[in-house]
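Colleague: got a predicted model here, sequence first, then my questions.
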Amino acid sequence: MNLLVIIIAIVAVILLITGGVTSSLNFLIWVGLALLIIALIVFLLRFITGKKSV
């Protein structure tokens, strides 16, 4: 599951960069922010609860 969080974070950063470079694709900034927030919440929940994935 940690791999999924890392992939979501990488996609979020790529979307943020792409959305910042091209103003016509401004909605990508919001998609990137949403994915980054989701990845952060999942990471924090796993860190706080201490559960390890198999």
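Modeller: The structure has been received and is ready for your questions.
Colleague: tell me the centre residue of this structure?
Modeller: Nearest residue to the geometric centre of the chain (C-alpha atoms, centre = their mean): L36, 2.8 Å.
Colleague: for the helix or strand harbouring it, packing partners?
Modeller: Using DSSP states H and E, the secondary-structure element containing L36 is helix 27-49. Counting contacts by 3 or more C-beta pairs under 8 Å, 6 or more residues apart in numbering; DSSP states H and E, helix 27-49 packs against helix 2-21. Backbone N, C-alpha and C define where each C-beta goes, glycine included.
Colleague: off-centre distance for the helix it packs on?
Modeller: Mean-position distance between helix 2-21 and its chain equals 5 Å (C-alpha atoms, centre = their mean, to the nearest Å).
Colleague: got it, and stretch 29-42?
Modeller: Centre-to-centre, stretch 29-42 and its host chain are 4 Å apart (C-alpha atoms, centre = their mean).
Colleague: quick one on the thing from earlier: what angle separates the helix holding L36 from helix 2-21?
Modeller: Orientation of helix 27-49 against helix 2-21 (axes from the mean of the first three to the mean of the last three C-alpha atoms, to 10 degrees) gives an angle of 150 degrees.
Colleague: list the buried residues of helix 27-49.
Modeller: L28, I29, V31, G32, L35, L36, A39, V42, F43 (16 or more other C-beta atoms under 10 Å).
Colleague: nearest residue to the fourth one other than its sequence neighbours?
Modeller: The spatial neighbour of G32 that comes closest, neighbours along the chain excluded (C-beta to C-beta, 6 or more residues apart in numbering), is L15 at 3.4 Å.
Colleague: pretty sure the one you found contacts A34?
Modeller: No: L15 lies out of contact with A34 (C-beta atoms under 8 Å); the separation is 9.4 Å.
Colleague: residues contacting A9?
Modeller: Applying C-beta atoms under 8 Å, 6 or more residues apart in numbering, we find A9 in contact with L35, L36, A39.
Colleague: same check on I38?
Modeller: By C-beta under 8 Å, 6+ apart, the residues touching I38 are I8.
Colleague: any idea how far F27 is from it?
Modeller: Distance, I38 to F27, by C-beta to C-beta, to the nearest Å: 17 Å.
Colleague: same thing with L4?
Modeller: From L4 to F27 the distance is 23 Å (C-beta to C-beta).
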